[in-house]
Every structure is written in structure tokens, then in C-alpha cells.
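Asker: Give me the fold of what follows.
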Amino acid sequence: MLIEDPFALGSARRGAMADWGPLLPQLALLYEEVLYTIHYRLGKPEDNHVADAEELYAYVQKAFSMDAEEHSVIMEQVKELESPIFCLKATVKEAKGILGKDVSGFSDPYCLLGIESKSQERAHQENKKRLKAVVKDLIPEDQIHRTQVINQTLSPVWDETFILEFEDVETASFHLDMWDSDVMESVRHKLGELTDLHGLKRIFKDARKDKGQDDFLGNVVLRLKDLHCWDDQWHLLEPRTETYPNRGQCHLQFLLTHKKRATTSSRTQPSYTVHRHLLQQLVSYEILQHQAGSTAWDGELSRHAITVLYLHATQKDLSDFHQVMAQWLAYSKLYQSLEFNSNCLLHQITSIEYQWMKERLRPEQVRGELAESFQSFLLYGISLIRRFRIIFPLSVPRSTERLRSLLRVLVQMCKMKAFRELCTLSPDLPAMVSEALKSGTTEWFHMKKQHLKPMMKVGMEENGKALGKLLLEVIGDLQQCNKTWNKFFISEIDSSMSKPTAESLFQLYMSLQELYQMKDFLPKDGSLALSDFHQWFKEAVPQWLQKAYTIALERTQKAVQMDQMMPFGEHNKHSTSTVDLSTCYAQIVKTWQQLNWPDPEEAFMIMVKLVEDMCKIALMYCRLIKARAEELSQREQNEGDLCIVVNNIKQLRLLILKLPSQLDWTQLEQRTGDIINPEQIQHTLHNQLDSTISCLDHEIRDVVQALAAKVWGALADAPFLSPQSIMPLMKFLESELQYLNEHLVQENFKSLLGLLWHHTLDVLSAAARQQVPSAQHYRKLLELCFYAEGCGLPLETLHTAAFQSLETHLALCSASSRKLIQKYFSNRIQQQLDTTSEKYGAVTIKVLYRPSEQKLRVEVLNAVNLIPLDSNGSSDPFVQLTLEPRHEFPEVVARTTQCKRNELHPLFDEAFEFLVPPEKCRQDGACLLLTVFDYDTLGTNDLEGEAFFPLSRVPGLGAGEEQPPSTRVPQTRLPLTHPKPDGDEILWLLEQRKGDKEAQAFVKLRRRRAKQSKEAV
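Answerer: Coordinates of the predicted model:
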């Protein structure tokens, strides 16, 4: 047989050089690729892999039929090629049992990870004390990767992947640090989260450390040379000290890969194409080495081949579906050249279909190659069937098994969704097989006739003998076909069993199943042994499943048509159709239990079909029940119809959630553990169910929003003008909510309340912006209404971010002008504390309070990095000092430093004293405002920037605090800031108080400063 693919050199194992001269360049490039793969091997060898590189070189040399000289030449070329970039593909999956560092008992964990490259001398010395250094101290900042922060948990899930490059696997080590992200919080907020004594201890510990400093949770350090190419494990988080040694575990996945491989094949061809060529080459060699012959080869590869293919796939980071593609394309092509056990192809077909269902095999190039491989294999298989008497002679052992296996592969391939979508003219396989058998039989007859025909003209007697022999051949063939071949073609290809026949067989199957349960009392052999009796009924299973689906579908449709959309029973809030739907699901579950199909893989496919049918019925029910409600509502406007609809869908959701336990998925997963990948079960069954649940949730939200919209109208039209208007609204709400509570299940009612509460907050916020006096009164009453003494929404649901914002705004609205001014300065002080950038420069001061004299002493030392505001590229800076708010320090006048001409880094070194009582300095918002101006002779002085120093932090002001000597007062460097030109809520509120002169004067001053600001809006 000839091999069409130039890389699949399994035909005659290339004898003389001239036989494969045209193929030499392609073969040499592939050989270069495999030598490059072995030469730059990464990772600790797997237990079932070959560890010795020389042993692998010897294997591939034989597999490619390379002599020593050819091998040596190509090996030297490989060594001269540029080495690849080594990469560690690290996936941080999740963690469990980590320490709780926050007051709440939880943490906000994130991970820092990277690769440290050490010299050989200091690389992991024995008995060396654990290094206390962390990732940011060991690895350059641009090489450190960071995960997201997962808030308030002890079992975070990240599932984030990072590509880390390294140079030498022998000396490189992987480092991962886990940290608890700390943000600055007020003590009041922390006390609000306090749950136990340990939380109180954490508050004291937080008080001793620097603000905003993250807490160390643990680390993982691994030598890369100890990792396998693919590694997936839980690792203990190690401490830096012996305090809290048990810090939990972190789940990590690693893949050691290459980037920028220098081989010609890697640079010019897709990775999976190169992998397919390599697979074909090695498999063809493995088949020809099989001692029992190619037809007996069952797909098992040697350790050497498995190692080489595994290394190549991991180094090129081939995804699962690309490996599946390569395997199918390679094996299906090789089967047409070197016939082997076609059972090997069944697994490839299942994997291809699984990837196709997940929409992972959709690139056009892949689609084209896959379609071509399907068509090619189908035509080749049909050609074998046409010549089955020659290809599968009964005189050769296992011929019948080989034919049956081929028929199964063809049937499964033609049933694939991928096959139906790619092969636009989907062939009728039974018709093709029937036509092939007819034409093959005709060819066989003519061949036999020609073979038995006398070589020369003879008499009637010789012709009669020849005709008799021909008749004996035909009769013998008919007997073989009737006795052996016919049942194969009918059982595997012709599945046109009638519905009545299939239905009548179900009871027989049940009876045999009961009999088989008494197998201990039955003969061990013979017809009563009933071994694999379920295979007798395999053809009828699709009909049984279809009947179960059809009955459930028709019953559901009829139940909805008869549904009057009234609660079923005194204590139920859903209607009769959900009861019928529950019965339908129970019948399908019973069908699954009655089948109790013994074959695990086939049982899994049956389960997939049942789940798919039940999910389709669920989605169809949603459409029908909404249409039924709309039909009834056209006769009479009835809000109760929508309540019944959403309750019914909620009940349906509960039925769907019970399916995994009712269908016993756990037992199915255990039965199929050795055959079907758990990930495939997750994607096929669980994702199907999750998708349906998501659709039902969407339907529930739509109906609940429609119910809420009817109540929104009244809230939107509520006249927020006087406290007297609250009573009609409260009565309306009480009436509506009482009705909805009676007609909705509790979970749907809570969802409705949540939507109404969010809309209520929007309306109240709009009223607050209009300065409506009764807004605060409304807010308190409506909060009590929705809380309903614990029977409504919980407080944590009510107190959303929008609620907190509204609460803050209403508190500001009710505050006096002076309180608002104090709040303004408190906000500016906090902004000052949060500012680290010095883009406008900075000013350095020393501040000291002398309690005995009640004097505040301020030394203005210097300013740096001021922005040039004059045309000459410089400035004429001076500093103005004021104590704010002015109403707290009415008798304290502003002070100014001398002006420094043409300076961007002026040195002032001036001292000022202010006579102020200590209690004034301790007031909220009390601060020293330092405003740096650029002196302008003709016009208004330009703003360089301003800084706010809180007086409550001045040394010497604390109760019982000793006054430090002036020489020991610390310097304070304050970054200069600019006010934002617009958007300050407090200034807006003060501006609305037109009759308040103090408020207007303050706003005028701050607006003037804002006009000089260089901050963007």
C-alpha cells in the first residue's frame, strides 16, 4: 500500500536512499524537530517515561530509519540552532485554610509570583536556614506578577495563568508569596466588624504596624528541576517564622514550555500540524514493529514514543483539542495505509465530538482538514466493505471482529454533530453500505466467473463442471453471508427498528434484567448465562428515550393548556401545571433507573440525552406558561397571573436542581472514572444544567421586574413636598406588598422587594438633590417599611452603597453651614494624607504647640519642585499661613513669608507664632492651611499649590504629652495639591444657601481658588 502523506513513512520502511530521495528534505526537517525536542527537554521525567536522552535518540533514529552519519549531521545542526526561550506556564488555581488577618476573621488574599535565578554555588544549599526574603526582595519588579485581590475569604479562587520566562532550569526556582491586602480603615469601621476576642487582638496588632502595610500569609518555593512537564498539586504555604506554622494550602498548575523554537518546522507550520506529522511517523514505526502484525495492533505505544510525543506537545503548549485533532488526523490517515484495529479510532471520535460540542474546533483551517479527513475515511471504509470477502476473510483470525469494529467507527462518525455540520451533503450510510455490498458482490461474482472459466474452448462437459464450481462458490458465499456477515451489517448499520417493535422489547428487557439479578443461580455459560444481554437491546434504546421525551413533552403542553393560573392547594403558591411537570420528570428519572444500563460509556451517553431532553422541556415550559398567562390576562387584568408564572418557574428551578441527586450523577462519575475524563462530565452534564438554571433565573428576573414596574409608577409620582403626603404612599405600599407577599413564594418576594428598594433609593436621591425637606423623613419611614421588623429585607441588603451615599448626603443637607465648612476641611485633610505625588511640588515645615503659653509655633523651612508660572521659566513664591476654619479662629490673622525671586526651590526658614487655645486645635477639620503663591506685581497672585496640616497632630497638643525641645521637632514634608475645579458636594450645598453670608463668602473664596487650579475636571 502507498502512503499519501509524505511524513507517514510506514509503507516499506524506506530501504535504499533513492526510494525516498524526494522526501528527504521534509523528513530531515521533522527529524530536526524531534532532536530539538529531546535536546531541550524540560521537567522531571514521569514514572512511565524514558529518562535517558541517549535512549530516546536511539529510538527516534530507528523510527526515522536514519543511519549514524545522517543522525550525526542533523544533531550538529540542532546544537548550532538558537536555544528556545524557556517558560513556566503557572496557573494559580485556589487556596484553602489560609490565615484570617482582618478583624472580621477573614483575609483579602492576593499572590505575588515570579522566578528567581540563582548561581550554581548558592542554589539551594543543604541544611540552609529558610530565607526570610519575599518575592519583591528577590525578583526584579518588572518580573513580578500579581493576581487579583479576593475580598473577605479563607478559600480564595483565582484561576489566573501567568507566563514566566527563565534561563536555566537547574538553578531557577519558582516563588509565590500570598499576602492579605490591607486598606486604611477607621477604628469605628473595624469595631463594627468585631466578632470575637481574636478580632480585638487583630485591632491592637494593626495599630502597631504601618498603615496600609499588607500582611504575609505564606509562600511556596519550588525548584523548577523538581517539576514535571505538567504538574498539578496542592502545596503547603510555608511561614517565614515558626509563628502560625499551619498556613493552609495553595493549588498550583505548572506547564514547562518553549517560545521561539528555532527549528524550520516550528517557524513555518502550525504546531498541531507538526505534531500530527511526528505522530504519524512514530505510530507507523510502532505498527510495523508489532510482532502480531498491524491488524492486531490496538493503539498501545511504547514508552519511548509516549515520552517523545508528550515532550513535544508540552513544549509547544498544545491544547487538548489540538492534540485530539492531531491524533484523529494522523490515525485516520494511517489506517488507510497500515490497517490496524479500528477500535483505536472510537476514542478519537468521542474526543472530537466532545471538543466540537464545546465549540473549540471552529477555525476555518481546522474545519477544512477535519471535513476532508471525514470524507476520506468514509470513502476508504466503504471501499473496504465493498471488498469485505477479500479484506476480511473468515480464514483469517479476528476478521469478523475487525469488520464489526470498522462498521462501528463509520456509524459513530456519521452520527457526530461535527460530521453533520462539516459534510454539507451528509451521506446516507446504510444506503452507501448497501450499494457497496451490491457492487462488491457483482465484482466478486465476475471475478469468480472469470477465474473458473476454462482457458480454452472446451465441450459442454467442461463448461458444466466450471458452472457447477461457480454455483458451489455462490452457495457457499450465500451461506456465509446468511450465517455470519448478515447479522453484522444489520446490527451495526441497519437500525431502522419500528417503534412498536422497540416499545414491545422494553418489557422484555425489564424481565431479563430481573432474571439477570439472579445470576448466581443461573448457569455460567450457555444461553441462560445472559452475559452482555443488554447489547441485544442496544438498537432499541434511542426509541425508548425518544418515547419518554415525547410523552413528557405532550403531557407538559396539555398541562399548560389546562392550567387556570390559580394556586394549587391551600398552602401552595404555584399552579397545577408544575405538578404535572414534576410527574413528567419523575417518569424520565424512573426510565433511567429501569434501564440501569451496564456499559458505563453508553450509560453516560444515555444520561446526556436524558438531561438534554429535560432541559429542553424546562425552557419550553417557560415559553408556554408565559403565553398562557398573557392569554388569560387579556380577558381580565390580573396581577396574580404574573405571580403564578414566577412561582411556577421558581418551582421548576427547584426540580432541575434535584436532578443530579435523583439521577445519581455521583455513582455515574464513579462508574465512568476510568473511561471518561471528569472535565468532560463537568462540561457535558453540569454545564448543560447550569446553562438551563441561568435561563430560568433570567426568566424569573424578567417577571419580577414586570411586577415591580407596576409599583414603581406610584413611587415615581409621589409628591415629595410635605410630610403630609407620606400617609397615602405608605398605605399604598402596605396594600401592594401585602398582596404580593400572599401570592409570591418568599424568595421571589424578596427579589421584588430588592428591586423596589433600589428604585426607592433612586427616587429619594432625586428628592434630596432638589433639597426637599421631607426626604430624610421619607427615608426613615421607608427603611422601616422594607425592613418590616425583620420580616422584609435584612439590614445588610437595605444598606447598599447607594443607601450609604444617600445617608451621607442627607446628613450633609441637615448640617449647619459651619459644620459643612468643618467637614470640607476634614475631607481636604484626608486628601492631603492620601496624597503621595509631588507634581505641584512640596513644602517642608516644623510645627510645635506650647501648652504653657497656648502658642502654636510654625517654622516654614523651604519649598521644592514648584511649577514655573512666570514667562521666564521660574516663579516668585511666598507662603500664606492661615488657621482654618475661620469661624473657629476669628481673631487669628493670616501670615505670609517673604517672597523669593526667581526660585523653584525657595529656602524660607521663617517662624510664626499663633495664640490659640488647645481645645480649638482639637476640633474636627481644624488645620493649618499653607498656600504657596507666585507673586504677581500687576495682577492676581497665581496659585502654586496648597497643603493642609491637621492641628490635632501637632506635637505638644496631646493630653499629658511632654513638650519636646524645639530642636527635636520633626520636619514634615507636605505635597502641594490643587483643588478640583468642580464637583465638590459640600461647596454645592453651601452655594444653595443664598441667605447665609458666611456660607457664600466661603464658597466665593474656594471657587476663586478652584479657578486657578490646574487639576482636570
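
Asker: From here on, just use CA atoms for contacts and neighbour counts.
Answerer: OK.

Asker: quick one: buried residues of stretch 651-666?
Answerer: By neighbour count on 16 or more other CA atoms under 10 Å, the buried set for stretch 651-666 is Q651, L652, R653, L655, I656, L659, L663, W665.

Asker: ok, the residues you listed vs E884, which is closest?
Answerer: Nearest to E884 among the buried residues of stretch 651-666: R653, at 61.5 Å, using CA to CA.

Asker: So F86: helix, strand or coil?
Answerer: Secondary structure state of F86, per DSSP: H, G, I helix; E, B strand; the rest coil, is strand.

Asker: tell me which element the spatially closest residue to it that is not a sequence neighbour is part of?
Answerer: Leaving out its chain neighbours, the residue that sits closest to F86 by CA to CA, 6 or more residues apart in numbering is H258, at 5.0 Å. Secondary structure from DSSP states H and E places H258 in strand 249-259.

Asker: what residue lies at the spatial centre of this structure?
Answerer: For the chain, D159 is the residue whose C-alpha lies nearest the centre (CA atoms, centre = their mean; 6.8 Å).

Asker: how close does the closest residue to it other than its chain neighbours get to H275?
Answerer: Nearest non-adjacent residue to D159, counting by CA to CA, 6+ apart: K93, 4.1 Å away. Distance of K93 to H275, given as CA to CA, to the nearest Å: 28 Å.

Asker: For these two, indicate the residue with more neighbours.
Answerer: Neighbour comparison, K93 and H275: the larger count goes to H275, with 28 against 17 (by other CA atoms under 10 Å).

Asker: List the buried residues in the host helix or strand of the more buried one.
Answerer: Assigned by DSSP H and E, H275 belongs to helix 271-289. For helix 271-289, a neighbour-count test (16+ other CA under 10 Å) marks 271-288 as buried.

Asker: next one: stretch 690-698
Answerer: Judged by neighbour count using 16+ other CA under 10 Å, the buried positions of stretch 690-698 are T692, I693, C695, L696.

Asker: right, and the second one touches L654 too?
Answerer: No: under the contact definition of CA atoms under 8 Å, I693 does not touch L654, with a separation of 9.4 Å.

Asker: Touching both of the two, which residues are there?
Answerer: Applying CA atoms under 8 Å, 6 or more residues apart in numbering, one finds that no residue jointly contacts I693 and L654.

Asker: which residues in the stretch 901-1017 of the chain form strands?
Answerer: Taking DSSP state E, counting those that start in this stretch as the test, the strands found in the stretch 901-1017 of the chain are 907-915, 927-934, 942-950, 972-975.

Asker: Tell me which of the ones you listed sits nearest to L164.
Answerer: The stretch from the strands of the stretch 901-1017 of the chain with the least distance to L164 (CA to CA) is strand 972-975; that distance is 37.9 Å.

Asker: so what does the closest one touch, helix or strand wise?
Answerer: Judged by 3 or more CA pairs under 8 Å, 6 or more residues apart in numbering; DSSP states H and E, strand 972-975 is in contact with strand 842-850, strand 942-950.

Asker: just the ones you listed: most buried one?
Answerer: When the helices and strands packed on strand 972-975 are scored by mean count of other CA atoms under 10 Å, the highest mean neighbour count falls to strand 942-950 (a mean of 24).

Asker: helices and strands around that strand, which ones?
Answerer: Checking 3+ CA pairs under 8 Å, 6+ apart, strand 942-950 ends up next to helix 817-834, strand 927-934, strand 972-975.

Asker: is it possible to export those to a markdown table including mean neighbour count?
Answerer: Listed next are these as a markdown table, based on neighbours: other CA atoms under 10 Å:
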| stretch | mean neighbour count |
| --- | --- |
| helix 817-834 | 18 |
| strand 927-934 | 23 |
| strand 972-975 | 19 |
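
Asker: if we can go back for a sec, export the buried residues of stretch 651-666 as CSV, with columns for pLDDT, distance to R886 and secondary structure.
Answerer: Rendered in CSV, the data for the buried residues of stretch 651-666 read as follows (pLDDT from 0 to 100; distance: CA to CA, whole Å; DSSP: H, G, I helix; E, B strand; the rest coil):
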residue, pLDDT, distance to R886, secondary structure
Q651, 85, 65, helix
L652, 88, 66, helix
R653, 87, 64, helix
L655, 90, 68, helix
I656, 90, 67, helix
L659, 91, 71, helix
L663, 89, 76, coil
W665, 87, 74, helix
